[in-house]
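Colleague: Show me the folded form of this:
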Amino acid sequence: MDNLKNDVAIIKFIQYDEQYSGCITRVVGYAKIRSLINLIDVLDLDANPRSSKVGTVTNDIQDSIENTPDIFPFKTKGLLVASSEYEQLERHRYRLHFKDRQTEGILDGGHNALAIGLYVLRLAMDAANHPFPRSIKTWSDFKSAWYKFHELIDQYLKDTRKDEDDTESVTRLDVLVPIELLLPRDQNDSNCLDEFNSNLLDICNARNNNVQLTVSTKANKHGYFDAFKKLLSEQDPDVEKRIEWKTNDGGDIKAADVIALAWIPLSLLPSIPNKSGKPFEAPNPVQLYSSKAVCLNKFEQFMSLDSVSSQGKGYQRELSNPSVYSAFQIAVQLPRLYDHIYATFPRLYNKNGGSYGKINAVKSLNRRHNSHLAPYGHEQVEYLSPDGFITPLVYGLRALMTVEQPQKQNEYPRVVWSQDPLPWLDQHLASIIKRYVTIFTPWGYDPQKIGKSIGSYQNALDDYKLALAGIE
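Modeller: Prediction:
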């Protein structure tokens, strides 16, 4: 399997033409499905803005290959592939070296690549009388099966090449697929290479505009999540693995959920000017609950500022602001703190004389779901709770954060905890909740109204401050 995971693939064109514009060479033509097996061996969809998943689209593509092979190349856009290093070989072949998987590879046509791969895998497994795995739902599932059963694919390739009289089996792998290959016009010119790489994301975005790229997908491609992801994987790898950083990536936690929480410490930072020179405006507390898309949008804008990130390779940017890094160090702890408050809230609510399970919103939510799991860590909890009840309490953790001012010339302000949050919550959360729930009655126990009221967030913050002052 290891020999499949290299950086080199060869594409053999049947018909092709080379075109040039600026620093980009475009090779347009057709390749047989059998010629794309090596490409699927080597590549994942790292460079594609979206991951692909099995569904109606991939099923229709496979049906089209099977039932209308002659016109299939006219029914599909095929694959758009980019490589910054290549060799032009004899017999219409290009050897492609994929040096940066985040930038190069399959830029568009991820569902075509998945459908073609599934089609080949199914042919090989049917020929070997091996049952096709039913568990394949995503590109990642497919690649695991592709590697696992690659010996069957190799054997099928050999058999179809040997058996020239079996027209059907040969034809199936000889169906033509449109291929568009983007290459640097002069790969020995560093300026040309830089321009080539920097243009790839714009090309990606334009080619994928039939399904508008989500903000999280674009932010992920720019590298805006990278520092946050790295810190989260060190702090809480189980949670990090379950986040859908780009569309169809398979995670059950949306990137917007954790990025909204990140604005709690980020909003404490000293004013950072936006691109017009005015102070950058963080989302208001209500938007942490009601407008997570706004939080994500603002995060993308914030991370693009030159005072926050610097240009990396190609179109990617790297976090360069130590103060923002310190806020991320706090932010990656918030999903588990959210879960802690989420799990504890019903018990402390009842301890103060309430009957949490009888609240209509709580009763309705728990009736709709059989499993009762905390949102991020997925630990078992007694009750599922509406986010509108919990988010203001999580925002209140802001009271436990402070900005440490620099003591030396080359140091930067840092966001730090003034208290170790978990033991502090264990000691004081009961009194905080006792005061906090007094807002429930005026809002009719409606989590939507509580979550969308700025007063809920201010009250929760004040409740934390009273506990910090020793007033229980």
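
Colleague: contact partners of stretch 412-424?
Modeller: Stretch 412-424 has contacts (Cβ atoms under 8 Å, 6 or more residues apart in numbering) with 265, 268-270, 321-323, 326-327, 329-330, 333, 337, 340, 397, 400-406, 468. The C-beta positions use only the backbone N, C-alpha and C, and glycine is treated the same way.

Colleague: do stretch 126-141 as well
Modeller: Counting by Cβ under 8 Å, 6+ apart, residues outside stretch 126-141 touching it are 44-45, 51-54, 110, 114, 118, 121-122, 125, 142, 145, 149, 152, 155-156, 159, 169, 248-250.

Colleague: quick one: which of these sit in helices?
Modeller: Assignment to helices by DSSP state H places the following of the contacts of stretch 126-141 there: 110, 114, 118, 121-122, 125, 142, 145, 152, 155-156, 159, 169.

Colleague: Show me where this protein has its strands.
Modeller: Under the criterion DSSP state E, the chain contains strands at 8-21, 24-32, 79-82, 85-89, 93-97, 105-108, 176-184, 243-244, 253-254, 309-311, 317-319, 401-404, 414-417.

Colleague: possible to save those as a markdown table with distance to residue 231 and mean neighbour count?
Modeller: Formatted as a markdown table, the entries for those read as follows, by distance: least, Cβ to Cβ, whole Å; neighbours: other Cβ atoms under 10 Å:
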| stretch | distance to residue 231 | mean neighbour count |
| --- | --- | --- |
| strand 8-21 | 33 | 14 |
| strand 24-32 | 36 | 18 |
| strand 79-82 | 30 | 25 |
| strand 85-89 | 32 | 14 |
| strand 93-97 | 32 | 18 |
| strand 105-108 | 26 | 24 |
| strand 176-184 | 34 | 21 |
| strand 243-244 | 13 | 22 |
| strand 253-254 | 16 | 18 |
| strand 309-311 | 15 | 15 |
| strand 317-319 | 10 | 18 |
| strand 401-404 | 16 | 15 |
| strand 414-417 | 13 | 18 |
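
Colleague: do you know which of the ones you listed lies nearest residue 66?
Modeller: Of all these, it is strand 176-184 that lies closest to residue 66, at 13.8 Å by Cβ to Cβ.

Colleague: Strand 8-21 and that closest one, what's the angle between them?
Modeller: For strand 176-184 against strand 8-21, the angle by axes from the mean of the first three to the mean of the last three Cα atoms, to 10 degrees is 70 degrees.

Colleague: strands paired with strand 176-184, and their directions?
Modeller: For strand 176-184, the paired strands and their directions (DSSP bridges) are strand 24-32 (antiparallel), strand 79-82 (parallel).

Colleague: Using CSV, write down the CA coordinates of the last one.
Modeller: The reference is to strand 79-82. The C-alpha trace of strand 79-82 is given here as CSV (Å, rounded to 0.1, in the frame of the first residue of the first chain):
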residue,chain,number,x,y,z
LEU,A,79,-11.2,16.5,-13.9
LEU,A,80,-9.2,19.7,-13.4
VAL,A,81,-5.7,18.8,-12.2
ALA,A,82,-2.8,21.1,-11.3
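
Colleague: how distant is it from the center of its chain?
Modeller: Put simply, strand 79-82 sits 21 Å off its chain's centre (Cα atoms, centre = their mean, to the nearest Å).

Colleague: again with the longest one
Modeller: The chain centroid and the centroid of strand 24-32 are separated by 29 Å, computed with Cα atoms, centre = their mean.

Colleague: the inter-axis angle of that strand versus strand 93-97?
Modeller: 120 degrees.

Colleague: Could you export strand 24-32 as CSV, CA atoms only?
Modeller: Taking Å, rounded to 0.1, in the frame of the first residue of the first chain, the C-alpha atoms of strand 24-32 are listed here in CSV:
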residue,chain,number,x,y,z
ILE,A,24,0.0,29.0,-17.0
THR,A,25,0.1,26.1,-19.5
ARG,A,26,-3.2,24.4,-20.0
VAL,A,27,-3.3,20.9,-21.5
VAL,A,28,-6.9,19.9,-22.6
GLY,A,29,-7.9,16.5,-23.8
TYR,A,30,-9.2,13.0,-23.0
ALA,A,31,-7.7,10.2,-21.0
LYS,A,32,-9.0,6.6,-20.6
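
Colleague: contact partners of it?
Modeller: Contact with strand 24-32 is made by 11-20, 73, 92, 94, 173-185, 196, 199, as judged by Cβ under 8 Å, 6+ apart.

Colleague: cool, the shortest one as well?
Modeller: Outside strand 79-82, the residues that touch it by Cβ under 8 Å, 6+ apart are 11, 36, 39, 47, 96, 103-109, 112-113, 177-183, 200, 203, 207.

Colleague: Now residue 71, what are its backbone angles?
Modeller: When quoted as degrees, to the nearest 10, the phi and psi of residue 71 stand at phi -110, psi 0.

Colleague: roughly how far apart are it and residue 178?
Modeller: 12 Å (Cβ to Cβ, to the nearest Å).

Colleague: Same check on residue 140?
Modeller: From residue 140 over to residue 178 the distance is 25 Å, taken as Cβ to Cβ.

Colleague: How about residue 227?
Modeller: 38 Å.

Colleague: Next up, the contacts around residue 10.
Modeller: For residue 10, counting by Cβ under 8 Å, 6+ apart, the contacting residues are 35, 38, 89, 93-96.

Colleague: Tabulate the strands paired with strand 176-184 (TSV), appending distance to residue 300 and mean pLDDT.
Modeller: Conversion of the strands paired with strand 176-184 to TSV gives the following (distance: least, Cβ to Cβ, whole Å; pLDDT from 0 to 100):
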stretch	distance to residue 300	mean pLDDT
strand 24-32	26	93
strand 79-82	23	92
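
Colleague: Can you show me the helices along the stretch 151-300 of the chain?
Modeller: Ranges of helices in the stretch 151-300 of the chain, per DSSP state H, counting those that start in this stretch, are 167-173, 190-207, 215-222, 226-235, 237-241, 255-266, 287-290, 292-303.

Colleague: Out of these, flag the one nearest residue 59.
Modeller: Distance to residue 59, taken as Cβ to Cβ, is lowest for helix 167-173 among the helices of the stretch 151-300 of the chain, at 16.7 Å.

Colleague: on that earlier part again, list only those of the contacts of stretch 412-424 flagged as buried.
Modeller: If you count burial by 16 or more other Cβ atoms under 10 Å, the buried members of these come out as 265, 268-269, 321, 323, 326-327, 329-330, 333, 337, 340, 397, 400-401.

Colleague: Which two of those residues have the greatest separation?
Modeller: Within the buried ones among the contacts of stretch 412-424, 321 and 340 form the most distant pair, 29.0 Å apart (Cβ to Cβ).

Colleague: Show me the shaky parts of the stretch 151-300 of the chain.
Modeller: Applying pLDDT under 70 to the predicted model, the residue ranges of the stretch 151-300 of the chain that meet it are 162-171, 201, 205, 208-214.
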